[in-house]
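Colleague: curious how this folds, go ahead:
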Amino acid sequence: MATIRKIARESGTVYQAYIRKSGHKPVTRTFKTRNAAERWARKFEAGLDEDNAGLTSEAQRHKLSDAITKYRADVLPELRPETARKYQQHLTHWDEALGHLRLSDLTAAKIAEARDSLTEQGKAPATTNRYLATLASVLTACVKRWHWLAASPMQQVRKATERNAGTRFLSEEEAARLLQACRESESPDLYLAVLLSLTTGARQGEVLSLRWQDIDLSAGAMIVRADAETVTKGGARALPIVPEALALLQARWDSRQGGKVAALRPSGLVFPSRVSAKQPVSLRTPWETALRRAGIERFRWHDMRHSAASFLAKGGASLVEIGAVLGHKSANTSKRYSHLTEQHTAELVRKMAGKLLGGG
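Modeller: Model prediction:
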C-alpha cells in the first residue's frame with residue numbers, strides 16, 4: 001500500500017508518494033498535490049500487480065537497446081569476424097535511432113520511417129537494405145531465441161528499391177588497363193586480389209576473407225564462402241583459379257614456408273592486414289589509386305562481379321552457369337545478365353546462318 005507524506009519546504013508544501021512492496025525496492029516520487037501523488041501511486045501499484053501476475057509481456061519489458069545489447073553478446077560471436085564488424089556499425093545506428101523504444105512499440109511504420117531517414121542521409125538503397133537486414137536479424141533473435149516478440153515487425157517493412165539498370169561492366173580494354181595498374185601498385189596484395197575477383201566473380205569480402213585452407217593449390221581451385229549480408233548468398237562454392245593467379249598464390253605460400261618469418265598456417269588469411277594477422281587487409285586506397293591510373297571512372301570493386309558475368313556470357317556461358325559461378329541463390333538474380341547471353345546466342349545464330357548459306 002502506498003504512503004503519501006506531506007513535506008513542508010521553503011518553496012512550499014509537496015506530497016511524496018512512498019511505495020514499498022515485497023520483492024521490490026522502495027520507490028518514491030514527489031508531487032505538488034496530494035491527488036497527483038495518489039493517482040501516480042495507484043497506477044504504479046497496478047503495474048506491479050500486472051507484472052507479478054504475468055500480464056506484462058516480454059515485448060513491454062524490453063527495449064530495442066536491450067535486444068541489441070543481448071545480440072552483441074549472444075549472436076555476434078557466432079558470426080565471421082568480418083561480418084560481425086559490419087553488423088556492429090549497423091547495430092550502433094539502430095541503437096541510436098530506435099533503441100529507446102520498447103519492443104511492443106517498435107512498429108513497422110517506425111522502422112519504415114527510420115529506413116527513409118537512411119535514404120535521406122545519402123545511403124544507397126543497397127546499403128540501406130543491409131542496415132535493415134541487420135535489424136531483421138536482431139528481431140528474429142527476439143522471436144526465436146529469447147521469445148521477447150511473437151512476430152517480427154520487419155515482415156511488414158518494404159526494402160529500399162535497388163535499381164540495377166546502371167550496372168557497370170568493364171570492356172576487355174578497360175580490364176587490361178585496370179590489371180596493369182594493379183600490377184604497378186605499391187600494394188603487394190592488390191593485383192592478386194583483383195585478379196581473383198575479376199576472373200571468378202567473387203565478392204570483395206569473399207576474396208579478402210580467403211584462408212589457406214580454402215585454397216587447393218594442386219587442384220587449382222578455391223572455396224569461397226558467401227558474405228552473410230548478401231541476399232544472393234549461395235553458401236560455399238568451389239571456383240577454378242586461373243593459372244596466373246595460381247602461380248602467385250603458390251609463390252606467396254612458398255615464400256613463407258621455411259623462411260625467417262613465421263610459416264603460414266592453413267587457418268591463416270591469404271590477405272592478412274599488416275596491423276593484425278586476424279583481420280583482412282584494407283585495399284581501399286591502393287584500389288582507388290589504381291582506378292585513377294587506369295582512367296576508369298564510376299566503377300566499384302563489386303562491379304568486377306558484373307564484369308566477370310559479362311565475360312562468361314560472351315564466352316558462351318548460360319544463365320544457369322553464370323548463377324552457379326557467382327553463387328546466386330535464386331535464378332531470378334541471374335536474369336540481369338540475360339541480355340548478354342542473348343547477344344552471344346544471336347552471334348552464334350548469325351555464324352551458323354553464314355555457314356549454311358555459304359558465307360563463312
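Colleague: angles on the backbone of Leu149, please.
Modeller: Backbone torsions of Leu149, given as degrees, to the nearest 10, read phi -130, psi 150.
Colleague: and it, how far from Arg102?
Modeller: To Arg102, Leu149 is 11 Å away according to CB to CB, to the nearest Å. Placement of C-beta: from N, CA and C, glycine included.
Colleague: which residues do those two both contact?
Modeller: The overlap between the contact sets of Leu149 and Arg102 (CB atoms under 8 Å, 6 or more residues apart in numbering) consists of Ala59.
Colleague: more crowded one of those two?
Modeller: Legend: neighbour count by other CB atoms under 10 Å for Leu149 and Arg102, higher for Leu149 (21 against 15).
Colleague: identify the residue nearest Thr13 in space, chain neighbours excluded?
Modeller: Lys6 (6.4 Å; CB to CB, 6 or more residues apart in numbering).
Colleague: quick one, what contacts that neighbour?
Modeller: Lys6 touches Thr13, Val14, Tyr15, Arg34, counting by CB under 8 Å, 6+ apart.
Colleague: quick one: which helix or strand includes it?
Modeller: Using DSSP states H and E, Lys6 sits in strand 3-9.
Colleague: distance from the chain centre to that strand, please.
Modeller: 56 Å (CA atoms, centre = their mean, to the nearest Å).
Colleague: paired strands for it, with orientation please.
Modeller: strand 12-19 (antiparallel) (DSSP bridges).
Colleague: CA atoms only: put the partner strand into CSV for me.
Modeller: In CSV, the C-alpha atoms belonging to strand 12-19 read as follows (Å, rounded to 0.1, in the frame of the first residue of the first chain):
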residue,chain,number,x,y,z
GLY,A,12,6.1,25.3,-0.5
THR,A,13,4.3,22.1,0.5
VAL,A,14,4.8,19.0,-1.5
TYR,A,15,3.4,15.4,-1.3
GLN,A,16,5.7,12.4,-1.6
ALA,A,17,4.3,9.0,-2.7
TYR,A,18,6.2,6.2,-1.0
ILE,A,19,5.7,2.6,-2.2
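Colleague: in the next helix or strand after that strand, what counts as buried?
Modeller: Of the helices and strands lying after strand 12-19 in sequence (DSSP H and E), the nearest is strand 27-31. For strand 27-31, a neighbour-count test (16 or more other CB atoms under 10 Å) marks Phe31 as buried.
Colleague: relative to strand 27-31, what are the paired strands and their orientations?
Modeller: Strand 27-31 has these partner strands in its sheet, going by DSSP bridges: strand 12-19 (antiparallel).
Colleague: can you give the contact residues for the strand it pairs with?
Modeller: The contact list for strand 12-19, computed with CB under 8 Å, 6+ apart, reads 2-7, 26-34, 36-38, 40-41, 44-45.
Colleague: now with 6 Å?
Modeller: Identification of contacts with strand 12-19 by CB atoms under 6 Å, 6 or more residues apart in numbering yields 2-7, 27-31, 34, 37, 40-41.
Colleague: buried ones in it?
Modeller: Neighbour counts over strand 12-19 (16+ other CB under 10 Å) mark Val14, Tyr15, Ala17, Ile19 as buried.
Colleague: quick check, nearest of the residues you listed to Met222?
Modeller: Ranked by distance to Met222 (CB to CB), those are led by Ile19 at 65.4 Å.
Colleague: got a markdown table for the buried residues of strand 12-19, with pLDDT too?
Modeller: Shown next, in a markdown table, are the buried residues of strand 12-19 (pLDDT from 0 to 100):
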| residue | pLDDT |
| --- | --- |
| Val14 | 88 |
| Tyr15 | 90 |
| Ala17 | 85 |
| Ile19 | 81 |
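Colleague: mind putting those into a markdown table with distance to Arg274?
Modeller: Putting these into a markdown table (distance: CB to CB, whole Å) gives the following:
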| residue | distance to Arg274 |
| --- | --- |
| Val14 | 64 |
| Tyr15 | 67 |
| Ala17 | 62 |
| Ile19 | 60 |
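Colleague: between these, which sits nearest Leu195?
Modeller: Closest approach between these and Leu195, by CB to CB: Ile19, at 70.3 Å.
Colleague: distance check, Ala97 against Val157.
Modeller: Ala97 sits 14 Å away from Val157, going by CB to CB.
Colleague: and Ile223, that's in a helix?
Modeller: No: applying DSSP: H, G, I helix; E, B strand; the rest coil, one finds Ile223 to be strand, outside a helix.
Colleague: what's the residue lying closest to Thr119 once chain neighbours are set aside in contact with, if anything?
Modeller: Using CB to CB, 6+ apart and skipping residues adjacent in sequence, the residue nearest Thr119 is Thr128, 5.8 Å away. Applying CB under 6 Å, 6+ apart, one finds that Thr128 lies in contact with Leu118, Thr119, Ala160.
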